[in-house]
Each structure stands twice: as structure tokens, then as C-alpha cells.
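Student: Mind looking at a prediction? Sequence and model below.
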Amino acid sequence: MVPDTTAEDLSAFLARVFGPSTVAVIHYGSHAQGRRPAADSAFDFFVVVDRYRDAYASLKAEVGTGYGPGLAAALANRLPPNVIAVTQPLADGAGRRAKCCVISLAHLQWACSPHAWDHFCQGRLMQVVLIGWTRDPQATVAINAALDAVRRHTLAWVSPSLPTTFSVEDYLVAALRQSLSGEIRPEQADHARTLVAAQMETLRPLYRDVLDAEVAGGRLTVDGPDVYRLRVTPSAWHRLRVRLYFHHSKVRATVRLLKHLVLYEGWLDYIVRKVERSGNAKVDLTEREKRWPLIFLWPRVIRFIWTRPQKRQ
């Protein structure tokens with residue numbers, strides 16, 4: 001699969017504004033998955049770079065940023081990736097918005113491996129993604145290898161969530177449900193099943209190959225057509241390790257959101273729109289909350305965390 005013309009055009013634009021350090025642009029999220037997002041929904045990308053400082057210096061020179069390349073690079077090295085907004089100017093004077101997870105190739109390869117610090121990258125890249133742009137054939141090989149690694153390693157962390165026997169669809173629902181547990185999300189309770197239904201046509205053959213490889217490796221058995229079973233029940237220690245990994249992922253994901261205050265242009269409007277689209281409810285901020293969100297928005301944030309649909313999964 002290839003991105004549509006809009007995503008392809010945005011990919012080329014991002015590759016240009018991040019400069020010669022850009023390795024690849026990966027398109028993910030609702031637009032890539034064909035989920036009919038709202039008209040104002042941003043396009044989602046991973047922008048893979050060689051060197052953070054060079055990439056942010058180019059971005060500042062090309063489109064301007066409210067932060068310096070040194071600060072952005074320091075935050076990226078401490079807790080990758082940075083999530084930022086980049087707007088592509090259009091001929092009619094409007095702009096097309098891209099939400100970009102900026103990450104170095106070295107950090108991406110680590111984040112897609114079994115040694116990942118958290119689940120942020122794997123939770124997104126295990127789904128339907130499209131390569132929008134690569135610098136050269138070597139970059140294409142490296143990106144495809146990272147994406148393949150994400151899929152091949154899913155059984156290690158999804159096994160405690162699987163039923164006794166399962167289909168490819170059951171496997172994907174369990175994997176997405178587990179992935180979503182590693183973040184504070186605004187979506188409705190069974191968003192995982194919605195995601196799988198939208199992507200099933202593309203994901204089914206990819207993950208059938210993954211499960212068949214696990215059968216060949218002796219970790220799964222086949223009980224019938226499209227019916228798999230774990231050969232060995234996950235131990236209590238393995239279940240604990242997976243639980244701790246996702247707890248740790250949620251902590252890091254929450255801390256990563258704090259970087260929005262520094263790096264994400266229009267962060268308050270973005271969060272409000274995200275909650276409105278996912279929760280099907282209008283969010284009306286007071287003038288005081290809009291003017292001083294870091295002071296007066298906390299009661300609303302705490303209330304949302306405690307009552308969000310995700311807690312009722």
C-alpha cells in the first residue's frame with residue numbers, strides 16, 4: 001500500500017523542511033488506516049532523522065518554531081520521540097497540519113526491538129502504516145526491518161492477554177487492547193475492536209504470517225483453520241513483567257505529554273479537539289482556563305482521567 005496523494009505530498013514536504021538529516025517519513029494513524037477521520041483531523045507521521053539538532057535547525061529555518069533546536073534535541077534524547085505540529089502552507093492561504101513524532105533512526109530501531117523503553121512506538125507501528133518517503137534504498141531497508149521487528153515481537157507482550165484459543169482477529173484485538181492500556185486515551189471503551197475492524201483487510205495476512213512463524217518456532221500450535229493456541233501458558237513472572245512494562249509505558253507516555261507544553265504549537269486546541277472527537281462530547285473551556293490553562297485546567301484534567309471511557313474497558 002502507498003499513501004494517498006495528500007499524505008504523499010505532506011511526506012515530501014516534511015522531508016524537505018527537516019532537511020538532509022531526514023531518513024524517512026512514515027504515515028500512520030486514522031488517515032493511513034482509512035477510518036474516515038474528521039475534516040480537521042491532522043495527518044500523523046513518524047519523521048525519522050539522523051541527528052536531532054540538525055533536523056530541528058532545518059525546521060526552524062524553513063517554517064519557524066517557537067523553541068530552539070538545542071532544547072528540542074535535548075528533550076528528544078531524554079524521552080524520544082518528540083511530538084510536534086508542522087503546518088504545510090497551501091496556495092489558497094490555508095494550511096495542512098501534520099502531527100509528527102520525530103525520532104532518530106537509532107532510537108526507532110531500539111523502540112521497535114524487544115528492548116524498547118516503552119510501548120509508544122510499537123503501539124502505533126504494529127498497525128497499518130505506509131512509508132511516505134525514504135532518502136535512499138538503504139533507508140527503505142532499515143525502516144522495513146524496524147516495522148517487521150515490531151510485528152514479529154508482539155507475542156512476547158500480548159500472550160498474557162490471549163484467550164485459550166484465538167484467531168488472527170482475536171490476536172489483534174488483544175494486542176490493540178493491551179497497547180491502549182499503556183497510555184491515557186480519550187476513546188470509547190472498546191476502541192481496540194474498532195481499530196481492528198477498520199484495518200483487518202490489511203493486517204490479517206501480515207499477522208497470519210506472524211502467527212504461522214510462531215507455530216514453526218514451537219511457541220504456538222494450530223487447533224484448526226485460523227485457530228491458534230499457546231503451547232505454554234505464560235508464567236506468573238512473565239505476566240508480572242508485561243504488567244510492569246505497560247505501567248512503565250503509561251508513566252512515560254504521560255510525561256511525554258508534558259513536552260506538548262513546550263513543543264506542540266496550539267497544544268490546548270489539539271487536546272480539546274482530540275477529546276471532543278473521541279468522546280463525542282463538546283468541551284467548552286472558560287476564558288480563565290483558556291488564558292491560564294496550566295493553573296486552572298487541572299480540575300478538569302483530573303476529572304477526565306478518572307471518568308474517561310478507557311477506564312471502563
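Tutor: In hand now; what should we look at?

Student: Strands of this protein, residue ranges please.
Tutor: Assigned strands in the chain, in chain order: 22-28, 43-49, 82-89, 95-104, 130-134, 165-166, 220-224, 227-230 (criterion: DSSP state E).

Student: deepest of the ones you listed, which one?
Tutor: Taking mean count of other Cβ atoms under 10 Å as the contact definition, the stretch among these with the greatest mean neighbour count is strand 43-49, which reaches a mean of 27. Any C-beta I mention is one placed from the backbone N, CA and C, and that applies to glycine too.

Student: Let me see the mean pLDDT of that one.
Tutor: Mean pLDDT, strand 43-49: 97.

Student: got it, and stretch 63-83?
Tutor: Computed over stretch 63-83, the average pLDDT equals 96.

Student: ok, now stretch 252-261?
Tutor: 86.

Student: Show me what counts as buried in it.
Tutor: Across stretch 252-261, burial judged by 16 or more other Cβ atoms under 10 Å covers 252-253, 256, 259-260.

Student: neighbours of residue 240, just the number please.
Tutor: The burial metric for residue 240, expressed as a neighbour count using other Cβ atoms under 10 Å, is 12.

Student: roughly how far apart are the nearest residue to residue 213 once chain neighbours are set aside and residue 112?
Tutor: Once flanking residues are discounted, residue 213 sits nearest to residue 152: 7.1 Å by Cβ to Cβ, 6 or more residues apart in numbering. Using Cβ to Cβ, to the nearest Å, residue 152 is found at 10 Å from residue 112.

Student: Have a look at those two and say which one is more surrounded.
Tutor: Just comparing residue 152 and residue 112: by other Cβ under 10 Å the higher neighbour count belongs to residue 112, 23 against 15.

Student: what residues are up against the residue nearest the centre of the chain?
Tutor: Residue closest to the average C-alpha location in the chain (Cα atoms, centre = their mean): residue 124, at 3.3 Å. Remark: with contacts taken as Cβ atoms under 8 Å, 6 or more residues apart in numbering, residue 124 is in contact with 28-29, 44, 46, 101.

Student: Among those residues, which one sits closest to residue 175?
Tutor: Of all the contacts of residue 124, the one sitting nearest residue 175 is residue 28; the distance, using Cβ to Cβ, is 15.4 Å.

Student: can you pull the contacts of the spatially closest residue to the closest one that is not a sequence neighbour?
Tutor: Spatial nearest neighbour of residue 28, chain neighbours left out: residue 129 (4.5 Å); criterion: Cβ to Cβ, 6+ apart. With contacts defined as Cβ under 8 Å, 6+ apart, the neighbours of residue 129 are 26-28, 32, 46, 147.
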